[in-house]
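Peer 1: okay, sequence plus prediction incoming.
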Amino acid sequence: MKKLFLVAIASTLFLTGCGSGGVSKASENSFVSGNGAAVVIDAKNRQVAPDISGKTLDGTSFTLDKSRFTVINVWASWCAPCRAEAPIFQDFASKNSSISFVGILTRDNLSAARAFTQRFAITFPSLVDDSLIVKFRGSLTPNAIPTTLVIDNQGKIAARISGAVTVAGLQKVLEKVIGAPVYA
């Protein structure tokens, strides 16, 4: 009986963390925050990243270029750790033009998200489809916000940071994946 109860709770949490293709409203109390732990995957064990495309927050179309190193960040405007890391991502994006940066907005409303990107002067695109997160099953916890993935230039998932990034942490992960210095 206890196992059945735990399975029911886990299933409910998983299902509530997954969207159905749109962006929904949430509050800062309805998410699981990671601890900032970074995992870099050995090249031989990396899985191919799913195809990612869709509409961005500004209404344009976006398709992930799997031949480039890419940082994907799952975020929401109501998430305090997301607010803390937003300037870090923008700074890295502006200093490292060989790396693509893209956000995936989750459980948020569009006007709040647009205000967030204006406040932090975010110049890279953010996709607005929660269902994209489910495509990363096994690599990305659907309800952990923020979560960051690094895709290598072979289109494979190379690293994951669960929780807010730090300058030193992001730089270390990117340099391990890219194999060259990254500007912080």
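Peer 2: Everything's here; your move.
Peer 1: give the contact list for the closest residue to residue 172 other than its chain neighbours.
Peer 2: Residue nearest to residue 172 in three dimensions, not counting chain neighbours: residue 38, with 7.4 Å by Cβ to Cβ, 6 or more residues apart in numbering. Where you see a C-beta, it was placed from the backbone N, CA and C, and this is true even at glycine. Residue 38 sits next to 159, 160, 161, 169, 172, 173 when contact means Cβ atoms under 8 Å, 6 or more residues apart in numbering.
Peer 1: max pairwise distance over these: which two?
Peer 2: 160 and 172 (13.6 Å; Cβ to Cβ).
Peer 1: so which of those two has more stuff around it?
Peer 2: Legend: neighbour count by other Cβ atoms under 10 Å for residue 160 and residue 172, higher for residue 160 (22 against 16).
Peer 1: hang on, the more buried one in a strand?
Peer 2: Yes - per DSSP: H, G, I helix; E, B strand; the rest coil, residue 160 lies within a strand segment.
Peer 1: could you measure from it over to residue 63?
Peer 2: Between residue 160 and residue 63 the computed distance is 22 Å (Cβ to Cβ, to the nearest Å).
Peer 1: count of neighbours near residue 153?
Peer 2: Using other Cβ under 10 Å: residue 153 sits among 16 other residues.
Peer 1: contact partners for the closest residue to it other than its chain neighbours?
Peer 2: For residue 153, ignoring the flanking residues on the chain, the nearest one in space by Cβ to Cβ, 6+ apart is residue 69 at 5.3 Å. Neighbouring residues of residue 69 by Cβ under 8 Å, 6+ apart: 98, 99, 100, 150, 151, 152, 153, 174, 177, 178.
Peer 1: give me that answer again for 10 Å
Peer 2: By Cβ atoms under 10 Å, 6 or more residues apart in numbering, the residues touching residue 69 are 96, 98-101, 150-154, 158, 174, 177-178, 180, 182.
Peer 1: then residue 164?
Peer 2: 33-36, 79-86, 88, 145-148.
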